[in-house]
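Engineer: For reference, the sequence and a predicted model appear below.
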Amino acid sequence: MVNKTSTGSAPDTREKSVPGEKLQKVLARTGLGSRREMERWIEQGRVSVDGKPARLGDRVTPRARIQVDGRPLNTAPAQETRCILYHKPTGEVCSRKDPQGRRTVFERLPKLKSGRWISIGRLDYNTSGLLLFTTDGELANKLMHPASNIEREYMVRVMGEWDESMLQRLQEGVMLEDGVARFTDIQDGGGDGINHWFYVVIMEGRNREVRRLWESQGLTVSRLKRVRYGEVFIPSRVKQGQWVELDPKEVKSLYRMAELPLKDQKRGTLKEREKMERQFRKRGDRRSKR
């Protein structure tokens, strides 16, 4: 008879299953940032679990009490989704609070009773145009991930001399300080004198990438507006400082691009929709009186 407790028996090398999910994954799903950013927050001591400082490698269950910067965090995944499009004016920042007291893009958005708005990407202070927001952190992080390869289209006015060979270089790729970058498409938008309009497409969301690409060729960007994100275009009726609810088809396209299962879409309140429609009508009335 073999003694199973004998010291000569082979050790059990099977890995014990650890319950829960990785902490950084749970944090990223709430929309606070990418998993890598959350790992840095954990290392910086900004996160605690059940009253104790969190460590890299921690796993948590749905019952865990997580705090970030001393504030309780609701980690429940969104059962419903809400997605809106905002027409960002120049002169607004994409952070929730600005140390310099500048207006933020969040100030004009509808107020939420639960959850919070998470921006899908950013636009710099001097760039206007399409900015998407969602209440689903997982969706936002997936769409912003470099591997998503989602087209972003911009309308840009440049100042300076250009030629076809320059446009070809910009599409083949030029070396910037953070690596090679390029436009996947450039369409001539016309213009007079030293100012000329182009429609350009990029597949990444690097900081000031469109501006830096043109500047690498000695041109200056005098106006920049994002007009498309994936399959979502900015509607002509949505003017600067206004937001609009995405329709079901557009929401479905976002989840398809993110390769996530579609969630039920939560619509804005009747009061919110009436407010936006009044703003659309006011702008229409002003144009008709001119």
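Structural biologist: Now that the structure is in, tell me what you want to look at.
Engineer: Show me which helix or strand of this structure is least confident by mean pLDDT.
Structural biologist: helix 270-289 (a mean of 66; mean pLDDT, DSSP states H and E).
Engineer: For the closest residue to residue 200 other than its chain neighbours, the count of nearby residues, please.
Structural biologist: Closest residue to residue 200 apart from its sequence neighbours, by C-beta to C-beta, 6 or more residues apart in numbering: residue 183 at 4.7 Å. Every C-beta, even on glycine, is put in place using the N, C-alpha and C of the backbone. Residue 183: 25 surrounding residues under other C-beta atoms under 10 Å.
Engineer: Could I get the contacting residues of residue 183?
Structural biologist: 170, 171, 200, 201, 202, 213 (C-beta atoms under 8 Å, 6 or more residues apart in numbering).
Engineer: hang on, residue 227 is in a strand, isn't it?
Structural biologist: Yes. If the criterion is DSSP: H, G, I helix; E, B strand; the rest coil, then residue 227 is within a strand.
Engineer: tell me the contacts of it?
Structural biologist: Counted by C-beta under 8 Å, 6+ apart, residue 227 has contacts 129, 130, 153, 154, 155, 199, 233, 234.
Engineer: Please pick the buried ones from the residues you listed.
Structural biologist: Using 16 or more other C-beta atoms under 10 Å as the burial test, these include 129, 130, 153, 154, 155, 199, 234 as buried.
Engineer: Out of the residues you listed, list just those in helices.
Structural biologist: Secondary structure defined by DSSP state H assigns none of the buried ones among the contacts of residue 227 to helices.
Engineer: In a markdown table, list those residues along with distance to residue 116.
Structural biologist: Listed next are the buried ones among the contacts of residue 227 as a markdown table, based on distance: C-beta to C-beta, whole Å:
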| residue | distance to residue 116 |
| --- | --- |
| 129 | 23 |
| 130 | 20 |
| 153 | 28 |
| 154 | 27 |
| 155 | 30 |
| 199 | 33 |
| 234 | 23 |
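Engineer: which one of the residues you listed is nearest residue 253?
Structural biologist: residue 130 (13.8 Å; C-beta to C-beta).
Engineer: Show me the beta-bridge partners of that closest one.
Structural biologist: Residue 130 has these beta-bridge partners by DSSP bridges: residue 87.
Engineer: For it, report the pLDDT, please.
Structural biologist: Note on residue 130: pLDDT of 98.
Engineer: residues in contact with residue 153?
Structural biologist: Contacts of residue 153 (C-beta under 8 Å, 6+ apart): 199, 200, 201, 226, 227, 228, 229.
Engineer: mind listing what the fourth one touches?
Structural biologist: For residue 226, the contact set (C-beta under 8 Å, 6+ apart) comprises 123, 127, 128, 129, 130, 131, 152, 153, 154, 234.
Engineer: ok, now how distant is the fourth one from residue 238?
Structural biologist: With distances taken as C-beta to C-beta, to the nearest Å, residue 129 is found 10 Å from residue 238.
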